[in-house]
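J.: Just need the structure, nothing else, for what follows:
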Amino acid sequence: MIRYIIKRLLLMIPAILATSLIIFVAMNMTGGDPVDSLAPENATEEQIEEIREELGLNDPLLVRYLKYMGGMLRGDLGVSYVTKQDVFKTFAERLPATLKLACSSVLVATLVGLPLGIYTAIHQNTWKDTGGMVFALFGVSMPNFWLGLMLILVFSLGLKWFPSGGYGGIRNLVLPAVTVGLGFAALITRTTRSAMLDVIRQDYMTTARAKGVPERKVIFGHGLKNALIPIITVIGMQLSNALTGSVLAETVFSWPGVGRLIVDSIAKRDTPMVTGSIIMCCILVCIVNVAVDLIYAFFDPRIKAQYSRKG
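T.: Residues are numbered from 1 along each chain as shown. Here you go, the predicted structure:
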């Protein structure tokens, strides 16, 4: 098992290298010059050339990339063109806000999607099942930015229950977490319903009922336990998506997270900040995926045995 985990961690290296290359090339090959946003107004050619030389922009693209990778191997993600601050330090300052939003949104999604998926599976082919599936379709189809604006309109400007944006306590977190979490809840609902329907049809469920086991224990003790693997997969995927895909929610609610940092840095053509932040996000997603694999093994010993054979 340990060897398998080490292999998975080593597989992060080509993913990180590929990500860094794609982002670095994209930021340097697309139109625009970072010097345009850094040079003072009415700057002379000499001043512009001095800035380019200071940032190393006169070097060939390959040389710049190799220098960047050399620094990254030493744990140095570079310095921001705009703020002149260390990229890793800036990322680390923004990460807690993103983690708080990501974990809260997945918690909302799980608390809504898991019970609803079980409920619709138990009441298959009834109006209750149809209502749950309508919610799931609505949640999957609904754009985050639209939902966020509607929540602000109703609960912030109308009822004045929650602030419309900013970073602070739980009240600031509720609307962004619900905005991101409802879309994830729809996916968890559909997955839970499908997994539970597969389990409910199994012979051991019928046998448990025939032995007089209470229905609640049949559903949660026998059914849900055996349906957890695909559900855990989806929840793990949603956590990865929340870490990297909450840009719109962070923008709508003025949430100072990593997504907003990346968007602002792209607008300013701050290549070190964009590249370093995306590389760190890639590492986080890989770590989450490995953690999900470990959770699989905890719930299903057969998977643990399979991992051990692979090791």
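
J.: Please name the residues that touch Ala18.
T.: For Ala18, the set of contacting residues under the criterion of C-beta atoms under 8 Å, 6 or more residues apart in numbering is empty. Any C-beta I mention is one placed from the backbone N, CA and C, and that applies to glycine too.

J.: can I assume it sits in a helix?
T.: Yes. Under DSSP: H, G, I helix; E, B strand; the rest coil, Ala18 sits within a helix.

J.: any idea how far it lies from Met237?
T.: As for Ala18, its distance to Met237 is 20 Å (criterion: C-beta to C-beta, to the nearest Å).

J.: can you check Phe145 too?
T.: For Phe145, the distance to Met237 equals 21 Å [C-beta to C-beta].

J.: quick one: Thr19 and Ser277 touch, right?
T.: No. Taking contact to mean C-beta atoms under 8 Å, the distance of 11.1 Å between Thr19 and Ser277 leaves them out of contact.

J.: The two: who's more crowded?
T.: When neighbours are counted by other C-beta atoms under 10 Å, Thr19 and Ser277 differ, and Ser277 comes out ahead with 25 against 17.

J.: mean confidence score for the helix or strand hosting that one?
T.: Ser277 is part of helix 271-299 when elements are defined by DSSP states H and E. Along helix 271-299, the predicted local confidence has a mean pLDDT of 80.

J.: roughly how far out does it sit from the chain middle?
T.: On the basis of C-alpha atoms, centre = their mean, to the nearest Å, helix 271-299 sits 9 Å off its chain's mean C-alpha point.

J.: so what's Met142 up against?
T.: For Met142, the set of contacting residues under the criterion of C-beta under 8 Å, 6+ apart consists of Leu182, Gly183.

J.: One more pass at 10 Å, please.
T.: In this structure, Met142 makes contact with Met150, Thr179, Leu182, Gly183, Ala186, judged by C-beta atoms under 10 Å, 6 or more residues apart in numbering.

J.: Please apply the same query to Lys217.
T.: Contacts of Lys217 by C-beta under 10 Å, 6+ apart are Ala208, Gly223.

J.: which SS class is it?
T.: Following three-state DSSP, the label given to Lys217 is helix.

J.: what does Trp255 give?
T.: Remark: Trp255 carries the secondary structure label coil [criterion: three-state DSSP].

J.: neighbours of the residue nearest to it when sequence neighbours are not counted, just the number please.
T.: Nearest in space to Trp255, with sequence neighbours left out and distances taken as C-beta to C-beta, 6 or more residues apart in numbering, is Pro176 at 5.5 Å. The local packing of Pro176 (other C-beta under 10 Å) involves 28 other residues.

J.: Also Trp255?
T.: Applying other C-beta under 10 Å, I find that Trp255 has 25 neighbouring residues.

J.: unless I'm mixing things up, it is touching Ala102, no?
T.: No. Contact status for Trp255 versus Ala102: not in contact, 11.0 Å apart, counting by C-beta atoms under 10 Å.

J.: Mutual contacts of those two, please.
T.: Common neighbours of Trp255 and Ala102, using C-beta under 10 Å, 6+ apart, are Val180, Ser246.

J.: from the contacts of Met142, which is closest to Val290?
T.: Nearest to Val290 out of the contacts of Met142 is Gly183 (C-beta to C-beta; 24.7 Å).

J.: Could you tell me the phi and psi values at that closest one?
T.: Reported as degrees, to the nearest 10, the phi and psi values for Gly183 are phi -60, psi -40.

J.: Roughly how far does it sit from Ser194?
T.: Distance of Gly183 to Ser194, given as C-beta to C-beta: 18 Å.

J.: more neighbours, those two?
T.: Comparing Gly183 with Ser194 by other C-beta under 10 Å, the one with more neighbours is Gly183, at 23 against 16.

J.: and the nearest residue to that one once chain neighbours are set aside, how many neighbours?
T.: If the residues on either side of it in the chain are set aside, Gly183 comes closest to Gly139, at 5.3 Å by C-beta to C-beta, 6+ apart. By the criterion of other C-beta under 10 Å, Gly139 has 22 neighbours.

J.: Please apply the same query to Asp264.
T.: Taking other C-beta under 10 Å as the criterion, the count of residues near Asp264 is 14.

J.: Now do the contacts for it.
T.: For Asp264, the contact set (C-beta under 10 Å, 6+ apart) comprises Val82, Thr251, Asp270, Met273, Val274.

J.: Can you pull out the low-pLDDT segments for the stretch 201-311 of the chain?
T.: Counting by pLDDT under 70, the stretch 201-311 of the chain has low-confidence residues at 222, 297-311.

J.: what's near enough to touch the nearest residue in space to Gly78 that is not next to it in sequence?
T.: Counting by C-beta to C-beta, 6+ apart, Gly78 lies nearest to Pro272, which is 3.5 Å off, once chain neighbours are set aside. For Pro272, the contact set (C-beta under 10 Å, 6+ apart) comprises 24, 27, 34, 55, 68, 71, 76-82, 86-87, 90, 265.
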